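Enquirer: please work out how this folds:
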Amino acid sequence: MADHVIAIDQGTTSTRAIIFDRRGRVVSSGQKEHEQILPRPGWVEHDPQEIWRNVQEVVGLALARANLTRHDLAAVGITNQRETAVVWDRHTGEPVHNAIVWQDTRTQPIVDRLAADGGVDRFADDVGLPLATYFSGTKVAWILENVEGARERAEAGDLLFGTPDTWVLWNLTGGPDGGVHATDVTNASRTLFMDLRTLAWRDDILAAFGVPRSMMPEIRSSSEVYGVARSSSLLRETPVAGILGDQQAATFGQVAFDQGESKNTYGTGNFLIFQTGEEIVRSRNGLLTTVGYQLGEEPARYALEGSIAVTGSLIQWLRDQLGVIRRSEDVEQLALSVEDNGGVYFVPAFSGLFAPYWRPDARGAIVGLTRFANKGHIARAALEATAFQSRDVLDAVVADAGVELAELKVDGGMTVNSALMQFQADVLGVPVVRPVVAETTALGAAYAAGLAVGMWSGLDELRENWREGARWEPTMDAAERDRMLRLWRKAVDTSMGWVDADVR
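Expert: Okay, the predicted model is just below:
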């Protein structure tokens, strides 16, 4: 019997394929970065065709490195960058435009237009989200309004929309030749179009955005067989059986299934998810209400989420735009070359500020500079910004949920940085815990797929797979923590209000 699952993790900066065994251990992986296309300030795009080519390549790499074939695989799971929007021709598979990435802010005029009638919370009671450039709904509207001929083709039924999970699933299951056009509830809950109660598209909201219903994928659960792979000979006839948006997948991989359980993922951005069970909880403190997961015919489970736009991508910015470091992993050594931040605070509001502030008028700011400051202080301030932003979000969770945090489960690429994890524990005042398997995003998608085909018996078996890998205990004096948080919040205030009508 096949006793492995392959997860395709289509992320913001790269695509990975990771093979897991029955114990949830990584057997092998393949990874390839894709180009970050930056046509103008605030614009971020990806080439969907490059992403699909990379999917096929990394699947081959993972299988070859494990010396496995499709016959060893019980299922395929998919996880993805969630709010990124792809629009393509259903007959040819050709995208009509580059994918518009979740970080992209070009759609602010569309947000303002829609918010003129009812404010940014105009649809929040139904969809759990404020009107913001972050979500894919405004990105689809932008493509239809700005790409020549797109609206006419969409209204004729010739165009399809999807987040990257839908794009990968459609291509993997046949593309123009019968590809499955579907998404799961977690990704659908990030579009601004899905009713959280009914788990269905809202025709009135689609109409407000000017998006034809014919473009929309079918909404399915997070764990069921959607179809079988047909376009990839390496995966031919393997069931595609799990889809979770990346942050929900990481939560699932952390086996945080129940009400009150949470995790924080450190990737391109940071994302905290706090499970609320079958209850839809409305945040009063700047968090998002979203779907956590749904297994087959079971009721959906909901969550509160704190989304931070720029954390790991700030380290890439230091590497690629400033040349301060040669490799991303070099930032830790550079940050440790100084005793402290030297009074420097870095607010990376490159896409405005997300949770808990939701300030699109904010822009990146480095404050507290003196002649004493050097690149080590800036590197340290960049790492500390990740921890400070996470503290802001966790404060909002505590305020909404009414419970104090005992410890923080963490995962994602940045958790290999011990200096960051120690500072995170210090600035929170609670332990930070990383599992043995840090690839929890891909693991969550693998778990969802494996559950659907019976490779795992249920959630209890998955819980047994979780093992603690590392722990950081807080060591910072409370007075020092309070001082740094006070200065951080002054820096955040400084970053706000930069965008006027004549500023781009």
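Enquirer: going forward, measure contacts between C-alpha atoms and count neighbours the same way
Expert: Will do.
Enquirer: for the spatially closest residue to V281 that is not a sequence neighbour, name its beta-bridge partners.
Expert: Spatial nearest neighbour of V281, excluding adjacent residues (CA to CA, 6 or more residues apart in numbering): T289 at 6.6 Å. Under DSSP bridges, the beta-bridge partners of T289 are L304.
Enquirer: what's the pLDDT at T289?
Expert: According to the per-residue confidence, T289 scores 93 in pLDDT.
Enquirer: thinking it is in contact with P130, fair?
Expert: No - counting by CA atoms under 8 Å, T289 does not reach P130; the two are 9.7 Å apart.
Enquirer: which of the two has more neighbours?
Expert: Neighbour totals were compared for T289 and P130, and T289 leads with 28 against 23 (other CA atoms under 10 Å).
Enquirer: tell me the contacts of the more buried one?
Expert: Contact analysis of T289 by CA atoms under 8 Å, 6 or more residues apart in numbering lists V127, G128, L129, I280, V281, R282, S283, Y302, A303, L304, E305.
Enquirer: which parts of the longest helix anywhere in the chain are buried?
Expert: Under DSSP state H, the helix in the chain containing the largest number of residues is helix 375-401. Within helix 375-401, the residues scored as buried using 16 or more other CA atoms under 10 Å are 376-394, 396-397, 400.
Enquirer: what of stretch 74-94?
Expert: 74-90, 93.
Enquirer: keeping just the C-alphas, turn it into CSV.
Expert: Taking Å, rounded to 0.1, in the frame of the first residue of the first chain, the C-alpha atoms of stretch 74-94 are listed here in CSV:
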residue,chain,number,x,y,z
ALA,A,74,-1.3,7.8,-1.6
ALA,A,75,-2.3,11.4,-2.4
VAL,A,76,-1.3,14.9,-3.4
GLY,A,77,-2.0,17.9,-1.1
ILE,A,78,-1.8,21.5,-2.2
THR,A,79,-1.1,24.6,-0.1
ASN,A,80,-0.5,28.1,-1.4
GLN,A,81,-0.1,31.8,-1.0
ARG,A,82,-3.7,32.6,-0.5
GLU,A,83,-4.9,36.0,-1.8
THR,A,84,-2.8,36.1,-4.9
ALA,A,85,-5.1,36.3,-8.0
VAL,A,86,-4.8,34.5,-11.3
VAL,A,87,-7.1,35.0,-14.2
TRP,A,88,-6.8,32.7,-17.3
ASP,A,89,-8.5,31.5,-20.4
ARG,A,90,-10.5,28.3,-19.8
HIS,A,91,-9.9,27.2,-23.4
THR,A,92,-6.1,27.7,-23.7
GLY,A,93,-4.9,28.0,-20.2
GLU,A,94,-3.1,31.3,-21.0
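Enquirer: avg pLDDT for it?
Expert: Averaging pLDDT along stretch 74-94 gives 97.
Enquirer: same check on stretch 484-493?
Expert: 97.
Enquirer: pull the CA atoms of it into PDB?
Expert: Only the C-alpha atoms of stretch 484-493 are listed here, as PDB (Å, rounded to 0.1, in the frame of the first residue of the first chain):
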ATOM      1  CA  MET A 484      11.400  48.700  23.800                       C
ATOM      2  CA  LEU A 485       7.700  48.200  23.200                       C
ATOM      3  CA  ARG A 486       7.000  51.900  23.900                       C
ATOM      4  CA  LEU A 487       9.700  52.900  21.400                       C
ATOM      5  CA  TRP A 488       8.400  50.400  18.800                       C
ATOM      6  CA  ARG A 489       4.900  51.900  19.000                       C
ATOM      7  CA  LYS A 490       6.300  55.400  18.600                       C
ATOM      8  CA  ALA A 491       8.000  54.200  15.500                       C
ATOM      9  CA  VAL A 492       4.800  52.600  14.200                       C
ATOM     10  CA  ASP A 493       3.000  55.900  14.700                       C
END
